[in-house]
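K.L.:
Show me the folded form of this:
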Amino acid sequence: MAQEVFEPPVHFDIRSCVPLVNHSLGRNEWQPSDRRQWQRVWSSAFKDTHLLNRSALLSAMTTEMKHDAVLLFNTMFPSQGHRFRWQSDEDKRLYDQRVVFLKRLVLFLAFGGVQYTTENN
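P.N.:
A predicted model of the protein is given here:
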């Protein structure tokens, strides 16, 4: 926290967007364990005031991308899926189709060489 105050980010670093795992503390950002953590992942860190401060905007962007990675991972590879009770077999089939589509889309984007750039289009 002190580092964010005294050394705010001035450049975007994609490596900061990777959710962390700390085995000694038993913390795994890839798999939120309770309702409070899931609410944090689903909520947006962005506020309109972030537009006025580059460091605040970079910090919010980093948090948003980290949360997006967690949501995508848990959608494609649910760890609690075996306990979920589907309302019907059709719901489960539709969900499975969507997950397969997302997996194929991610592979397509990765193999297609989609990249971020700082250059103007």
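
K.L.:
make it CA atoms for all contacts and neighbour counts henceforth
P.N.:
Noted.

K.L.:
Now tell me which helix or strand of the protein has the poorest mean pLDDT.
P.N.:
Of the helices and strands making up the chain, the lowest-confidence element is helix 2-6, at a mean of 54, by mean pLDDT, DSSP states H and E.

K.L.:
Past that helix, which element shows up next along the chain?
P.N.:
Counting by DSSP states H and E, the next helix or strand C-terminal to helix 2-6 is strand 21-22.

K.L.:
What helices and strands are in contact with that next one?
P.N.:
With contacts defined as 3 or more Cα pairs under 8 Å, 6 or more residues apart in numbering; DSSP states H and E, the secondary structure elements packing on strand 21-22 are strand 27-28.

K.L.:
quick one: contacts for Lys92?
P.N.:
Contacts were defined as Cα atoms under 8 Å, 6 or more residues apart in numbering; by that measure Lys92 touches Trp86.

K.L.:
so how far is Arg98 from it?
P.N.:
Distance, Lys92 to Arg98, using Cα to Cα, to the nearest Å: 10 Å.

K.L.:
Model confidence at Leu102, what's the number?
P.N.:
In the predicted model, Leu102 carries a pLDDT score of 87.

K.L.:
Phi, psi for it please.
P.N.:
phi -60, psi -40 (degrees, to the nearest 10).

K.L.:
From Ser79, how far off is it?
P.N.:
Counting by Cα to Cα, the gap from Leu102 to Ser79 is 17 Å.

K.L.:
And those two? Which one has more around it.
P.N.:
A direct count of neighbours by other Cα atoms under 10 Å for Leu102 and Ser79 places Leu102 higher, at 15 against 11.

K.L.:
ok, that one touching Asn74?
P.N.:
No: here Leu102 does not reach Asn74: they are 11.9 Å apart, not a contact under Cα atoms under 8 Å.
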